[in-house]
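Novice: Please work out how this folds:
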Amino acid sequence: QGVDHLASLGIDIQSITCDGRRGLRTLFTSIPCQMCQFHQIQIVTRYLTRRPKNSASIELRRLTLEITKLDKATFTKYLDHWYLTHEGYLSERSANEVTGKTWYTHKRLRSAYRSLRTNSDWLFTYREYEHLDIPNTTNSLEGLFSELKRQLHSHHGLNEHRKLRFIKDFLGSKSLK
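Specialist: The predicted model follows:
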């Protein structure tokens, strides 16, 4: 409905930069979709922490931090090399001696890798469509929303109708890309 409304206003959506919501990528298959590189780095950081202890995690975090400087082919090559180097470590399993149940020992590292592997097709869209000038992060949009929230907080006594009018005027006064 939102996209139809934008189209009715004459707005042509040329690309999407999102924070990783899979629904957008599946819903708009004909529109180039860029996953925010900052959000991808944060996802990996949540799994590995800022100061990982083992060498596999340290190397994967270091590679992740290089995303903004790499292209898709180079990143994929490095990620594949990382995986082949640490495949045995990633496959290690722990077992409950009582029940015999096993699980992967390094689940968080596996999750960080899987996230990078899954999202790699959308991390470099901005380079594939340079003529569209797609941003590689959602930072400018999030900055706009932060400012909107600050402004709304300053006017916390507005009723719902006036709040909506305020938001409409606020967004209308900003030049959206």
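
Novice: ok, which stretches of the chain are strands?
Specialist: Under the criterion DSSP state E, strands of the chain are mapped to 16-18, 33-35, 93-95, 102-104.

Novice: Now find how far off-centre the first one is within its chain.
Specialist: Between the centre of strand 16-18 and the centre of its chain there are 9 Å (Cα atoms, centre = their mean, to the nearest Å).

Novice: neighbours around the nearest residue to residue 129 once chain neighbours are set aside, how many?
Specialist: On the basis of Cβ to Cβ, 6 or more residues apart in numbering, the spatially nearest residue to residue 129 that is not a chain neighbour turns out to be residue 32, at 4.9 Å. C-beta: built from backbone N, CA, C; applies to glycine. Residue 32 sits with 17 neighbouring residues when counted by other Cβ atoms under 10 Å.

Novice: now residue 104
Specialist: Look at residue 104: counted by other Cβ under 10 Å, it has 14 neighbours.

Novice: now swap in residue 65 and tell me
Specialist: There are 12 residues near residue 65, going by other Cβ under 10 Å.

Novice: Tell me who's in contact with it.
Specialist: Under the criterion of Cβ atoms under 8 Å, 6 or more residues apart in numbering, the contact partners of residue 65 comprise residue 41.

Novice: Just give me the longest helix of the protein.
Specialist: In the chain, ranked by residue count with DSSP state H as the criterion, the top helix is helix 72-90.

Novice: Check the offset of it from the chain's centre.
Specialist: Taking Cα atoms, centre = their mean, one finds the center of helix 72-90 at 20 Å from the center of the full chain.

Novice: How about residues contacting the lowest-mean-pLDDT helix or strand in the chain?
Specialist: Scoring the helices and strands of the chain by mean pLDDT, DSSP states H and E places helix 22-27 at the bottom, with a mean of 75. Applying Cβ under 8 Å, 6+ apart, the set of residues contacting helix 22-27 from outside is 16, 18, 33, 122.

Novice: Same check on stretch 106-114?
Specialist: Contacting residues not belonging to stretch 106-114 are listed as 43-44, 47-48, 54, 56-57, 60-61, 64, 79, 82-83, 89-90, 92, 104 [Cβ under 8 Å, 6+ apart].

Novice: What subset of these is buried?
Specialist: If you count burial by 16 or more other Cβ atoms under 10 Å, the buried members of the contacts of stretch 106-114 come out as 43-44, 47-48, 56-57, 60-61, 64, 79, 82, 90.

Novice: measure the residue nearest to residue 129 to residue 125 for me?
Specialist: When Cβ to Cβ, to the nearest Å is the yardstick, residue 32 and residue 125 sit 5 Å from each other.
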